[in-house]
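J.: coords please:
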Amino acid sequence: MSDFILARVSQTLANEHSLETLVRQLLEMLELVTRMESTYLTRIDFDAQHQHIMYAHNSSEMQIPEGFSVPWNDSLCKRALDDRCIFSNDVAERWRSCLAAQDLGIATFFSIPVRLTDGSLFGTLCATSRARQPYNIEGEQVMNLFANLISHYVEKETLVQQLRAANVALEMHSYTDELTGLPNRRSLFKHLAAQFSQAREQQRSVLLIFIDLDDFKAINDRFGHPCGDSFLIQIGERLAARVRSGDIVGRLGGDEFLIVGTGPDSADQQEYIAALRQALAGIYFLGEHRINYPGASFGVIEADPWQIDVELALRAADEAMYQDKQSRRQGRFFHID
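T.: Numbers count the residues shown, from 1 in each chain. Predicted structure coming up:
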């Protein structure tokens with residue numbers, strides 16, 4: 001293998017950071033070594049039984065289009081693999097039944113399988129020409145090297161994608177209440193900080209609705225914690241279904257929920273709060289039990305982000321909720337068989 005190719009490969013590996021940029025560089029080099037008109041990388045979708053052209057380099061009139069797909073069983077690569085043949089300069093005679101090769105006028109075909117470390121077939125690295133080209137030992141060596149490099153990069157990118165997905169899932173988990181699926185306390189505080197910052201820029205207020213579930217302890221004590229958990233889940237579902245677009249509802253912990261949004265005008269706010277109160281009251285099915293729940297206590301404030309910070313706003317909403325709890329008539333839930 002020439003020092004020139006090795007130097008180009010070393011430079012490419014040092015500079016390229018994605019599979020696509022790596023492969024495009026390798027395909028250009030592969031054309032120089034094999035003297036073929038088209039070089040390309042395919043991927044095989046065994047579920048759909050199709051072979052797809054991922055990346056291609058075409059240097060003359062022969063065009064192997066990227067995105068082109070053929071049934072795997074009809075492909076030239078499948079025939080070459082079945083015959084354990086990596087090179088042929090008499091394609092029309094050797095694989096007469098391959099219509100795709102005939103349509104493209106392929107006379108010479110070089111194909112190396114790209115296998116992952118577990119032995120599974122990812123795809124093929126190919127070079128084709130309409131002219132009859134002689135076998136090239138250096139071409140085979142380079143194609144094997146490139147196929148191995150591509151295999152390593154495919155697995156690296158797959159691992160990176162898996163790690164990114166795991167990080168996203170982990171972050172989502174860290175910001176999600178496990179029971180209700182709503183944003184948790186950590187997420188709410190992060191959202192509050194962002195809302196207060198935006199509100200200062202936009203010169204508007206922030207609406208906080210602090211909700212405490214009256215008699216929740218009694219529900220737990222009488223029907224058990226599984227029924228209490230079911231009650232919390234249903235509360236979360238009802239709130240999520242009633243909040244305005246753009247508002248966020250989450251669970252602070254225990255029997256406390258919080259809604260954060262932009263401060264509406266007084267009339268809209270009263271109507272909004274009334275709708276939320278009504279949504280939480282009524283019949284709940286808790287396992288084999290059914291209760292008629294009178295509702296929750298609400299602490300509602302419009303916080304001016306120039307006058308009050310997040311911590312003081314939450315404290316004010318908590319105090320407003322406590323006053324609401326004291327002023328409301330404490331209707332106990334009653335059990336309905």
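J.: distance between stretch 73-83 and the chain's centre?
T.: Relative to the chain's own centre, stretch 73-83 is displaced by 35 Å; criterion: C-alpha atoms, centre = their mean, to the nearest Å.
J.: So for that stretch, what gets flagged as buried?
T.: The neighbour-count check on stretch 73-83 (16 or more other C-beta atoms under 10 Å) flags 74-81 as buried. C-beta here means a position set from N, CA and C on the backbone, and glycine is covered the same way.
J.: what do you get for stretch 190-199?
T.: For stretch 190-199, using 16+ other C-beta under 10 Å, the buried residues are 191-192, 195-196, 199.
J.: Quick check: helices, which of the buried residues of stretch 73-83 are part of them?
T.: Secondary structure from DSSP state H places 76-81 of these in helices.
J.: Check the residues you listed against L30 and report the nearest one.
T.: Nearest to L30 out of these is C77 (C-beta to C-beta; 15.5 Å).
J.: The closest residue in space to the closest one that isn't next to it in sequence is in what secondary structure piece?
T.: Distance criterion C-beta to C-beta, 6 or more residues apart in numbering; nearest residue to C77, sequence neighbours excluded, is T124 at 4.5 Å. T124 is part of strand 121-129, with elements assigned from DSSP states H and E.
J.: Please name every helix or strand in contact with that strand.
T.: The contact analysis (3 or more C-beta pairs under 8 Å, 6 or more residues apart in numbering; DSSP states H and E) places strand 121-129 against helix 19-34, strand 38-45, strand 50-58, helix 76-82, strand 108-115, helix 137-174.
J.: hmm, try it at 6 Å
T.: Judged by 3 or more C-beta pairs under 6 Å, 6 or more residues apart in numbering; DSSP states H and E, the packing partners of strand 121-129 are strand 38-45, strand 108-115, helix 137-174.
J.: what's the first one in contact with?
T.: Translated: strand 38-45. Residues from elsewhere that reach strand 38-45, judged by C-beta atoms under 6 Å, 6 or more residues apart in numbering: 23, 27, 30-31, 51-58, 62, 64, 72, 123-128.
J.: quick revisit: what about dumping the CA coordinates of the strand holding T124 to PDB?
T.: Extracted as PDB, the C-alpha positions of strand 121-129 are listed here (Å, rounded to 0.1, in the frame of the first residue of the first chain):
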ATOM      1  CA  LEU A 121     -23.200  -7.400   8.200                       C
ATOM      2  CA  PHE A 122     -23.700  -3.600   8.100                       C
ATOM      3  CA  GLY A 123     -23.300  -3.000   4.400                       C
ATOM      4  CA  THR A 124     -20.800  -3.100   1.600                       C
ATOM      5  CA  LEU A 125     -18.000  -0.900   0.300                       C
ATOM      6  CA  CYS A 126     -18.100  -1.000  -3.500                       C
ATOM      7  CA  ALA A 127     -16.300   0.300  -6.600                       C
ATOM      8  CA  THR A 128     -17.700  -0.100 -10.100                       C
ATOM      9  CA  SER A 129     -16.800   0.800 -13.700                       C
END
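J.: Residues in contact with that strand: which ones?
T.: 30, 34, 36-44, 77, 106, 108-116, 143, 146-147, 154.
J.: what angle sits between that strand and helix 19-34?
T.: Following axes from the mean of the first three to the mean of the last three C-alpha atoms, to 10 degrees, one obtains 40 degrees for the angle between strand 121-129 and helix 19-34.
J.: what mean pLDDT does strand 121-129 have?
T.: Averaging pLDDT along strand 121-129 gives 95.
J.: Packing partners of the helix or strand hosting Q326?
T.: Assigned by DSSP H and E, Q326 belongs to helix 310-327. With contacts defined as 3+ C-beta pairs under 6 Å, 6+ apart, the packing partners of helix 310-327 are strand 206-212, strand 297-303.
J.: So what are the sheet partners of the last one and their directions?
T.: Strand partners for strand 297-303, identified by DSSP bridges, are recorded as strand 206-212 (antiparallel).
J.: Now do the helices in the stretch 151-300 of the chain.
T.: Remark: helices assigned in the stretch 151-300 of the chain by DSSP state H, counting those that start in this stretch are 185-202, 216-223, 225-242, 266-280.
J.: nearest to G250, of those helices?
T.: Nearest of the helices of the stretch 151-300 of the chain (C-beta to C-beta): helix 185-202, 4.3 Å.
J.: about what we covered before: most tightly surrounded among the helices and strands packed on helix 310-327?
T.: strand 206-212 (a mean of 23; mean count of other C-beta atoms under 10 Å).
J.: Leaving out the residues flanking it, which one is nearest to F110?
T.: The shortest distance from F110 to any non-neighbouring residue, by C-beta to C-beta, 6+ apart, is to A127 (4.2 Å).
J.: do the same with L27
T.: H57 (3.8 Å).
J.: re earlier: and the helices and strands packed on helix 310-327 as JSON lines, adding distance to L258 and mean pLDDT?
T.: Formatted as JSON lines, the helices and strands packed on helix 310-327 follow (distance: least, C-beta to C-beta, whole Å; pLDDT from 0 to 100):
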{"stretch": "strand 206-212", "distance to L258": "6", "mean pLDDT": "96"}
{"stretch": "strand 297-303", "distance to L258": "9", "mean pLDDT": "94"}
